[in-house]
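K.L.:
sequence-free structure coming up:
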């Protein structure tokens, strides 16, 4: 038998139904549309390794070029301005020397000391450090793959290239050469990790924390990082960010106040436009150091630019400084006055902001004192660690002689910042906790009632609270209790109720229905000796 003829497309009209179904059967669709397996879409390990190597290499070349190219351009322009003819036998050696110095500065930004003749410089320009980290982060985010192999390959590549640069430059002889691979491992590993975790297909950083916490809990059976501690770390991060912002604003104020001094230094040096570019790059490299020194100034201990100098909000001891325009913005003697002595209060305010941030994310009725301790510990820990590492990296030897001491005392600054931020946060958290547990709900309701009454006053409330009668209505002098059925004074039969020792007025009297914190019937109650005849309560019928 032959198959029935298919309907012609010429005879179809819009909207007309045909014998062909509008959609394919489910069985056929399941055969045609097949889910790809994980192995088909997963790149091989070689691709991960190549991606990590390329990402790390690109970041290292770009960050090195930002430092080396201005030095080479400045040398070439300076050579053209002099009478020395280009292409002389010593020209190549001088260019090589300029490149070596620039590579030494790049290594200095990674924490590798720079040695020239007999002088060792260990003051790291944190601007170069931040630039290298940022470029590694961006390169890993765009070109690397989300895998451990890519991260490991990129970290190893960055460390090897850093070691090669140190060997070519020759600026780290002896034991200082061993710091180059360690610095490369740290910088490359951190930048690659941040960039890979920022990729859209990467798991969230919180997932790693949850997995690590679950693993530790299974092994030890103890929750090492409670949720309150994590919340405190978030609050400490906020306080650290506010502190860095305050330091940046203070540096801007110093630069604005010392612009005349910086202008005089530039005029005396006459660097030209190429020298101006070099000075601009050098000052941008030292700008993060200045921000950290400003934080040390705010906290109280201050910083030094050379032996025998001191810049604090309580006094300034200055001395001869290098001819760097940025150093012309250092605070002078007019910055040490009675108003600047209150500068540490700004650090305390950062702690107050962190405390408010944390408390708004807690449930006051469920917060225990141990939770307050965990939260406060997290708030103190974050800025302490940030300041300890930051001030340690921002300090060091800036040159020979008296310039061997530049920067702030890292341990002292970190301790004072932690204490000041912790004090501000503790004032908020302890005050809020005491306010949450100090007044019961009944007392708060009574406060509202007293505040709304036309004849009420705080004295009435304190009188009621002093007697223990939280729910007692207002009484006027000489008036009876409106809740009692019998009038005050003698009983109808002429007898007078004797005073009972140990039974004050108010809710602690014989009327058990008005005891606020005691159940009405909770088993047999001990009988108290009652001299005289029994006294009826408020709910009992009055005697005839």
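P.N.:
Structure received. Keep in mind the model is a prediction, meaning the values are calculated, not measured.
K.L.:
make it CA atoms for all contacts and neighbour counts henceforth
P.N.:
Noted.
K.L.:
ramachandran angles for the residue nearest to residue 404 when sequence neighbours are not counted?
P.N.:
Distances taken as Cα to Cα, 6 or more residues apart in numbering place residue 397 nearest to residue 404, at 4.0 Å, with adjacent residues excluded. Dihedral angles of residue 397 (phi, psi; degrees, to the nearest 10) stand at phi -90, psi 120.
K.L.:
please enumerate the strands of the chain.
P.N.:
114-116, 119-121, 304-305, 310-312, 315-317, 406-407 (DSSP state E).
K.L.:
for residue 234, find the nearest of those strands.
P.N.:
strand 406-407 (28.1 Å; Cα to Cα).
K.L.:
name the helices or strands packed onto the closest one?
P.N.:
Under the contact criterion of 3 or more Cα pairs under 8 Å, 6 or more residues apart in numbering; DSSP states H and E, strand 406-407 touches strand 304-305.
K.L.:
what does the strand it packs on contact?
P.N.:
For strand 304-305, contacts defined as Cα atoms under 8 Å, 6 or more residues apart in numbering pick out 310, 311, 321, 403, 405, 406, 407, 408.
K.L.:
tell me the one among these nearest to residue 77.
P.N.:
residue 321 (27.6 Å).
K.L.:
turn the contacts of strand 304-305 into CSV, including pLDDT and distance to residue 198.
P.N.:
Output for those, formatted as CSV (pLDDT from 0 to 100; distance: Cα to Cα, whole Å):
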residue, pLDDT, distance to residue 198
310, 90, 42
311, 92, 40
321, 77, 42
403, 84, 41
405, 86, 39
406, 90, 36
407, 90, 34
408, 93, 34
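K.L.:
mind telling me the two of the residues you listed farthest from one another?
P.N.:
321 and 408 (16.3 Å).
K.L.:
who's more crowded, those two?
P.N.:
Set side by side, residue 321 and residue 408 show more neighbours around residue 408, with 26 against 13, by other Cα atoms under 10 Å.
K.L.:
and that one, what does it touch?
P.N.:
293, 296, 301, 302, 303, 304, 391, 394, 395.
K.L.:
low-confidence bits of the protein, can you list those?
P.N.:
By pLDDT under 70, the weakly predicted segments of the chain are 1-44, 78-94, 205-206, 208-209, 212, 216, 221-224, 271-275, 437-544.
K.L.:
can you point me to the longest helix in it?
P.N.:
What stands out as the longest helix in the chain, according to DSSP state H, is helix 45-81.
K.L.:
just the buried positions in stretch 245-258, please.
P.N.:
Judged by neighbour count (16 or more other Cα atoms under 10 Å), stretch 245-258 contains these buried residues: 246, 247, 248, 250, 251, 254, 255, 257, 258.
K.L.:
same question, stretch 348-365
P.N.:
Those buried within stretch 348-365 under the rule 16+ other Cα under 10 Å are 348, 349, 350, 351, 352, 353, 354, 355, 356, 357, 358, 359.
K.L.:
show me the two of those that sit farthest apart.
P.N.:
For these, and using Cα to Cα, no pair is farther apart than 348 and 359, which are 16.5 Å apart.
K.L.:
thinking residue 388 is in contact with residue 417, fair?
P.N.:
No - assessed by Cα atoms under 8 Å, residue 388 is found out of contact with residue 417, at 9.7 Å.
K.L.:
higher neighbour count, these two?
P.N.:
residue 417 (28 against 18).
K.L.:
before we move on, back to that, want to throw the buried residues of stretch 348-365 into JSON lines with distance to residue 167?
P.N.:
Output for these, formatted as JSON lines (distance: Cα to Cα, whole Å):
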{"residue": "348", "distance to residue 167": "47"}
{"residue": "349", "distance to residue 167": "48"}
{"residue": "350", "distance to residue 167": "45"}
{"residue": "351", "distance to residue 167": "46"}
{"residue": "352", "distance to residue 167": "50"}
{"residue": "353", "distance to residue 167": "48"}
{"residue": "354", "distance to residue 167": "46"}
{"residue": "355", "distance to residue 167": "50"}
{"residue": "356", "distance to residue 167": "52"}
{"residue": "357", "distance to residue 167": "49"}
{"residue": "358", "distance to residue 167": "49"}
{"residue": "359", "distance to residue 167": "53"}
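K.L.:
which of the contacts of residue 408 sits closest to residue 210?
P.N.:
Checking those against residue 210 with Cα to Cα, the nearest one is residue 391 at 31.1 Å.
K.L.:
my guess is the closest one contacts residue 406, does it?
P.N.:
No - using Cα under 8 Å, residue 391 is not in contact with residue 406; the gap is 10.7 Å.
K.L.:
who has more neighbours, these two?
P.N.:
A side-by-side neighbour count of residue 391 and residue 406, using other Cα under 10 Å, places residue 391 first with 25 against 22.
K.L.:
contacts only, for that one.
P.N.:
292, 293, 407, 408, 409, 410, 413.
K.L.:
most neighbours, which of those?
P.N.:
residue 293 (28 neighbours).
K.L.:
how close does that one get to residue 282?
P.N.:
17 Å (Cα to Cα, to the nearest Å).
K.L.:
one more: residue 356?
P.N.:
40 Å.
K.L.:
mind listing what the residue nearest to residue 333 when sequence neighbours are not counted touches?
P.N.:
Take residue 333 and drop its neighbours on the chain: the residue closest to it by Cα to Cα, 6+ apart is residue 316, 5.4 Å away. Neighbouring residues of residue 316 by Cα under 8 Å, 6+ apart: 309, 310, 331, 332, 333, 336.
K.L.:
so what's the second one bridging to?
P.N.:
Applying DSSP bridges to residue 310 gives these bridge partners: residue 317.
K.L.:
so who does it touch?
P.N.:
302, 303, 304, 316, 317, 318 are the contacts of residue 310 under Cα under 8 Å, 6+ apart.
K.L.:
what's the closest non-adjacent residue to the first one?
P.N.:
If the residues on either side of it in the chain are set aside, residue 302 comes closest to residue 312, at 4.3 Å by Cα to Cα, 6+ apart.
K.L.:
that neighbour and residue 293 touch, don't they?
P.N.:
No - counting by Cα under 8 Å, residue 312 stays clear of residue 293, with 10.0 Å between them.
K.L.:
give the residues shared as contacts by these two.
P.N.:
Common neighbours of residue 312 and residue 293 (Cα under 8 Å, 6+ apart) are 302, 303.
K.L.:
tabulate the contacts of residue 391 in JSON lines, adding columns for distance to residue 66.
P.N.:
Output for the contacts of residue 391, formatted as JSON lines (distance: Cα to Cα, whole Å):
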{"residue": "292", "distance to residue 66": "23"}
{"residue": "293", "distance to residue 66": "25"}
{"residue": "407", "distance to residue 66": "25"}
{"residue": "408", "distance to residue 66": "28"}
{"residue": "409", "distance to residue 66": "31"}
{"residue": "410", "distance to residue 66": "30"}
{"residue": "413", "distance to residue 66": "32"}
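K.L.:
so which of these is the closest to residue 381?
P.N.:
Nearest member of the contacts of residue 391 to residue 381, counting by Cα to Cα, is residue 413, at 13.6 Å.
K.L.:
ok, the residue nearest to that closest one when sequence neighbours are not counted - contacts?
P.N.:
The shortest distance from residue 413 to any residue other than its chain neighbours is 5.9 Å, reached at residue 296 (Cα to Cα, 6+ apart). Residues near residue 296 by Cα under 8 Å, 6+ apart: 302, 303, 408, 413.
K.L.:
same check, this time on residue 295
P.N.:
243, 244, 246, 247.
K.L.:
which one of the residues you listed is nearest to residue 426?
P.N.:
residue 243 (17.4 Å).
K.L.:
quick one: contacts for residue 258?
P.N.:
328, 329, 330, 331.
K.L.:
drop anything exposed from the contacts of residue 310.
P.N.:
The buried subset of the contacts of residue 310 (16+ other Cα under 10 Å) comprises 302, 303, 304, 316, 318.
K.L.:
hang on, the earlier thing: could you dump the contacts of residue 258 to TSV with distance to residue 151 and neighbour count?
P.N.:
Listed next are the contacts of residue 258 as TSV, based on distance: Cα to Cα, whole Å; neighbours: other Cα atoms under 10 Å:
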residue	distance to residue 151	neighbour count
328	43	22
329	41	21
330	41	21
331	44	23
